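# Here's my sequence, what's the structure:
(one chain, ligands or ions: 2)
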Amino acid sequence: MSDRSNSVIITFYKYTRIENPEEFQPVLLNFCLQEEIKGKIYLAFEGINGSVSGDHKKIELFKSYIQSFPFIGEVIFKEDPVFGICHEKMFVRVRKELVNSGARDIDLSLGGKRLSPEGLLKLYEEGKEFVIIDTRNWYESKIGHFKNAVIPPIENFRDWPEYVDQIDDLKDKTVVTYCTGGIRCEKASAVMVEKGFKDVYQLDGGIVSYLHKFPDTFWEGGMFVFDNRRVVEVNTKEELKHVATCHYCNKPTSKYINCHNLKCDKIFVCCEDCRKTHDYSCSEECKTALSRRSRYYD
Ligand SMILES: [Zn+2]
Ligand SMILES: [Zn+2]
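Ligands and ions are numbered 1, 2, ... in the order given. Model prediction:
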């Protein structure tokens, strides 16, 4: 095992034309395997999106490497130190779309106006009238969201266009969209503009960029991430740490687990104590199920 104390995780995306993602896939994968970088990268004709972790020096190499391809060019990386293993494996996959928006032909140039983290902070501080909408899936927003955010009941981003049709009473309002790193909002906000919303913004760099600058302000709870960490606790003020409560004891917590009954696999909020008491299960029935996860994880 390599020493992980010097490890970092980076997330990144870029909408850019990649003529031959199938050809690029093994090239990128081999580089990562060689450099002992782990994580997941998605490629599509429309660009690249990824989250990888590894030794700090190797990650620096990775950054220069992918930016050396002219069809990618300059990329903005969001970086955090990590203690522990964020990714078990390395894979690079080719997809039709980077994020499945249910609106494949959406014109990204229609995307909402970019709002900086400072800009959002100012809207809150000055008490401006605006609607802020979480464009992530319900289980992401449940564990943490911006103050007063609208939380759509969507299971998957592909349901977004349908959801937008249900909120057309907000068409004339100032609307701010946000997601984890910004990738979904480029499409989400474009869908809204296309459907006639008049004053749409997208939070530039997403929640991650905002929280790097302004933790303990207008974000409430934890931040859901798609790696082993699951939820990152981002605030230090006790009253801003958790917005969700344990499925069993109702204690405020930001811990998520998937039910260990493999046939159930439901994601649910569960505190450290209750996950042990209830044997990592969402119900009594699941506790005694035959096919269960063989390995425990946090
Ligand atoms: Zn509990
Ligand atoms: Zn269950």
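
# Please enumerate the helices of the stretch 51-200 of the chain.
56-67, 117-125, 138-142, 160-166, 183-194 (DSSP state H, counting those that start in this stretch).

# Reformat those helices as CSV; add mean neighbour count, distance to ligand 2 and mean pLDDT.
To be clear about C-beta, it is placed using only N, CA and C from the backbone, and glycine gets the same treatment. Below are the helices of the stretch 51-200 of the chain laid out as CSV (neighbours: other C-beta atoms under 10 Å; distance: least, C-beta to the ion, whole Å; pLDDT from 0 to 100):
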stretch, mean neighbour count, distance to ligand 2, mean pLDDT
helix 56-67, 16, 37, 97
helix 117-125, 16, 37, 98
helix 138-142, 19, 14, 96
helix 160-166, 16, 27, 95
helix 183-194, 25, 28, 96
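
# what residue ranges in the protein score low on pLDDT?
1-5, 104, 295-298 (pLDDT under 70).

# tell me, what residue is most central in this structure?
Thr180 (4.0 Å; C-alpha atoms, centre = their mean).

# Quickly note the distance from that residue to Lys276.
As defined by C-beta to C-beta, to the nearest Å, Thr180 lies at a distance of 29 Å from Lys276.

# quick revisit: take the helices of the stretch 51-200 of the chain and write them to TSV, including distance to ligand 1.
Formatted as TSV, the helices of the stretch 51-200 of the chain follow (distance: least, C-beta to the ion, whole Å):
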stretch	distance to ligand 1
helix 56-67	36
helix 117-125	31
helix 138-142	16
helix 160-166	31
helix 183-194	31
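
# Excluding chain neighbours, what is closest to the residue nearest to the centre of the chain?
Gly206 (5.1 Å; C-beta to C-beta, 6 or more residues apart in numbering).

# and that neighbour, what is it in contact with?
Tyr178, Cys179, Thr180, Gly181, Gly182, Ile183, Cys185 (C-beta atoms under 8 Å, 6 or more residues apart in numbering).

# 7 Å instead, please
With contact taken as C-beta atoms under 7 Å, 6 or more residues apart in numbering, Gly206 is in contact with Tyr178, Cys179, Thr180, Gly181, Gly182, Cys185.

# where along the stretch 101-250 of the chain do the strands fall?
113-115, 131-134, 144-146, 174-178, 199-203, 219-221, 223-224, 231-232 (DSSP state E, counting those that start in this stretch).

# Now tabulate those in TSV and tack on distance to ligand 2 and mean neighbour count.
Formatted as TSV, the strands of the stretch 101-250 of the chain follow (distance: least, C-beta to the ion, whole Å; neighbours: other C-beta atoms under 10 Å):
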stretch	distance to ligand 2	mean neighbour count
strand 113-115	39	17
strand 131-134	26	21
strand 144-146	23	25
strand 174-178	31	24
strand 199-203	34	24
strand 219-221	23	22
strand 223-224	20	22
strand 231-232	19	19
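
# and the stretch 151-298 of the chain, which of its residues are near ligand 1?
Cys246, Tyr248, Cys249, Lys251, Cys271, Cys274 (C-beta under 5 Å from the ion).

# Could you find the closest non-adjacent residue to the second one?
So the one you mean is Tyr248. The spatial neighbour of Tyr248 that comes closest, neighbours along the chain excluded (C-beta to C-beta, 6+ apart), is Cys274 at 4.0 Å.

# ok, that neighbour - how many residues close by?
The burial count assigned to Cys274 is 19, neighbours taken as other C-beta atoms under 10 Å.

# count of neighbours near Tyr256?
Neighbour number of Tyr256 under other C-beta under 10 Å is 18.

# Quick check on the residue lying closest to it once chain neighbours are set aside: phi, psi?
Spatial nearest neighbour of Tyr256, chain neighbours left out: Arg230 (5.2 Å); criterion: C-beta to C-beta, 6+ apart. Main-chain dihedrals, Arg230, degrees, to the nearest 10: phi 70, psi -70.
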